[in-house]
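Just a sequence and a predicted model for now, questions to come.
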Amino acid sequence: MALRGPLFRLLRTKLSHTCQQSRAQSVAVLGAPFSRGQKRRGVEHGPKVIRDAGLMDRLSGLDYSVHDFGDLNFHHLETDEPYMNVNFPRTVGAANKMLSGATRRAIGAGHTLVMLGGDHSLAIGSVGGHAEQCPDLCLIWVDAHADVNTPMTSPSGNLHGQPVAFMLKELQDKMPDIPGFSWMKPFLSSRDLVYIGLRDVDPGEHHTLKNLGIQYFTMRDIDRLGIQRVMEVTLDHLLARKQRPIHLSFDIDAFDPSLAPATGTPVNGGLTYREGIYITEEIHNTGLLSAMDLVEVNPVLGASREAVEATASLAVDVIASSLGQTREGTHVPIDEIPSVKDDTEQLRI
């Protein structure tokens, strides 16, 4: 997408000092091996398989200083009874509090943060910590699911289907005081959020999307409009009023299960490879990406080693393209093509 006119000029002006730094020359990778936001074990191994798929080597080939901060060490409570149909509330709350602090510190130190999940409940901490450092951020949520259930609307009680509800100011009166989350206050306005790739939305979530006027694109919308137009509308919606840092929260199940089979809640009819990578390329081209999540890679659920490797490799591609890898290749600049030397040795047979 070519940005022209007022929006282009807007994107060329500067952010506040801290958030400008966070998008600059340094990338921090932080693993969050956590699975208690849902009931299927294995997603806690996501950070390892993504790293094993060559993430650090790929990022080192881009124009960044890359820092691997390792994995957070989460503590699971022996007793964590459900509360109002919410599973593992204290464990999830404590994990997100830890992640929130780590995110805030990394971005405050001038890094662009890449958070490797883990399940999508972790976005409560990653986006929340980002917002503490950059309160005017906007959020692009790429996912098959809206993840905006409240405890009263959630069919499963799993917190990986509820993180956005914790963030939205407009849902504050719909959220009970859940044990483990006393540290958490809503920070995001509904107009600062865009969904891309939806195709499995619960009734309560659909009501919230419509009632709050949240901008979202289902897979039908992508089929109808094309991914280029979807990204034009997305970026105009989020950035036309003012430029601000972007947080990208990318669930691997946004892709079609034929591309990303090793995940917990696959839904047929997802993004193609080209659509998913176009999304991340366009976000990178704004120059405003400040932090991103890559979540829900679950190697235990892959039917074969090839399925796990394909899913992890796709995750690496998503992260790398978000940070500037292009499909025509990432090349070291050269001044000119060397000329052929006038050397008689070259003429010998």
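Received it, and whenever you're ready, just let me know what you need.

Spatially nearest residue to the residue nearest the centre of the chain, not counting backbone neighbours?
Central residue of the chain (C-alpha atoms, centre = their mean): Ser249, 2.3 Å from the mean position. Leaving aside its sequence neighbours, Ser249 sits nearest to Asp293 (C-beta to C-beta, 6 or more residues apart in numbering; 4.5 Å). In short, each C-beta sits where N, CA and C put it, glycine included.

Mind listing the residues bridging to the residue nearest to the centre of the chain?
Trp141, Asp293 (DSSP bridges).

dump the residue contacts of it.
Ser249 makes contacts with 120, 123, 126-127, 139-143, 292-293, 295, as judged by C-beta atoms under 8 Å, 6 or more residues apart in numbering.

Please determine how far Gly197 is located from His111.
27 Å (C-beta to C-beta, to the nearest Å).

And for Ala95?
Distance of Ala95 to His111, computed by C-beta to C-beta: 21 Å.

What of Lys185?
Distance of Lys185 to His111, given as C-beta to C-beta: 24 Å.

Please say which of these two ends up with more neighbours.
Between Lys185 and His111, counted using other C-beta atoms under 10 Å, His111 has the larger neighbour count: 27 against 12.

That one reaches Ser26, doesn't it?
Yes: assessed by C-beta atoms under 8 Å, His111 is found in contact with Ser26 at 4.8 Å.

contacting residues for the closest residue to Leu55 other than its chain neighbours?
Excluding the flanking residues, the one nearest Leu55 by C-beta to C-beta, 6+ apart is Val316, at 5.0 Å. The contact partners of Val316, by C-beta under 8 Å, 6+ apart, come to 50, 53-55, 58.

now swap in Met98 and tell me
Met98 makes contact with 72, 74, 125, according to C-beta under 8 Å, 6+ apart.

Can you pull out the low-pLDDT segments for the stretch 201-349 of the chain?
In the prediction, the stretch 201-349 of the chain carries residues with pLDDT under 70 at positions 330-332, 342-349.

Just the C-alpha atoms of the helix or strand where Arg229 lies, please, in CSV.
For Arg229, the host element (DSSP states H and E) is helix 227-239. Extracted in CSV, the C-alpha atoms of helix 227-239 (Å, rounded to 0.1, in the frame of the first residue of the first chain):
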residue,chain,number,x,y,z
ILE,A,227,-6.2,-7.9,1.8
GLN,A,228,-4.8,-4.6,0.4
ARG,A,229,-8.0,-2.7,1.0
VAL,A,230,-8.4,-4.3,4.4
MET,A,231,-4.9,-3.0,5.4
GLU,A,232,-5.6,0.5,3.9
VAL,A,233,-8.8,0.8,6.0
THR,A,234,-7.1,-0.7,9.1
LEU,A,235,-4.2,1.8,9.1
ASP,A,236,-6.4,4.7,8.2
HIS,A,237,-8.8,3.9,11.0
LEU,A,238,-6.0,3.7,13.6
LEU,A,239,-3.5,6.3,12.4
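
Buried residues in that helix, which are they?
Neighbour-count burial for helix 227-239 flags 227, 230-232, 234-235, 238-239 (criterion: 16 or more other C-beta atoms under 10 Å).

Quick one: the helices in the stretch 201-349 of the chain, in order.
203-212, 219-225, 227-239, 273-285, 305-322 (DSSP state H, counting those that start in this stretch).

can you tell which of those helices is closest to Ala106?
Closest to Ala106 of the helices of the stretch 201-349 of the chain, according to C-beta to C-beta: helix 305-322, at 15.3 Å.

pLDDT averaged over the helix or strand hosting Val49 - what is it?
Taking DSSP H and E as the criterion, Val49 maps to helix 46-52. Mean pLDDT, computed over helix 46-52, is 98.

Which strands and helices lie in contact with it?
Secondary-structure packing of helix 46-52 (3 or more C-beta pairs under 8 Å, 6 or more residues apart in numbering; DSSP states H and E): strand 26-32, strand 112-117, helix 305-322.

Out of those, which is the most enclosed?
Greatest average neighbour count among those goes to strand 112-117 (a mean of 28), per mean count of other C-beta atoms under 10 Å.

now what about the helix or strand just after that strand, what contacts it?
Next helix or strand after strand 112-117 toward the C-terminus (DSSP H and E): helix 123-133. For helix 123-133, contacts defined as C-beta under 8 Å, 6+ apart pick out 18-19, 22, 32, 92, 95-104, 107-108, 113, 115, 137, 139, 147, 159, 163-164, 166-167, 184, 187-188, 245, 247, 249, 290-291, 293, 295.

And stretch 179-193, by the same measure?
For stretch 179-193, contacts defined as C-beta under 8 Å, 6+ apart pick out 83, 89-94, 96-97, 100, 124, 127-128, 131, 135, 137-139, 141, 164, 166-172, 175, 212-215, 237-238.

If we use 6 Å, what do you get?
For stretch 179-193, the external contacting residues (C-beta atoms under 6 Å, 6 or more residues apart in numbering) are 83, 89-90, 93-94, 97, 131, 138-139, 166-170, 172, 212, 214.

just checking, which of those residues belong to helices?
Members of the contacts of stretch 179-193 lying in helices (criterion: DSSP state H): 89-90, 93-94, 97, 131, 166-167, 212.

Which of those residues ranks first by neighbour count?
The member of those surrounded by the most neighbours (other C-beta under 10 Å) is Phe166, with 28 neighbours in all.
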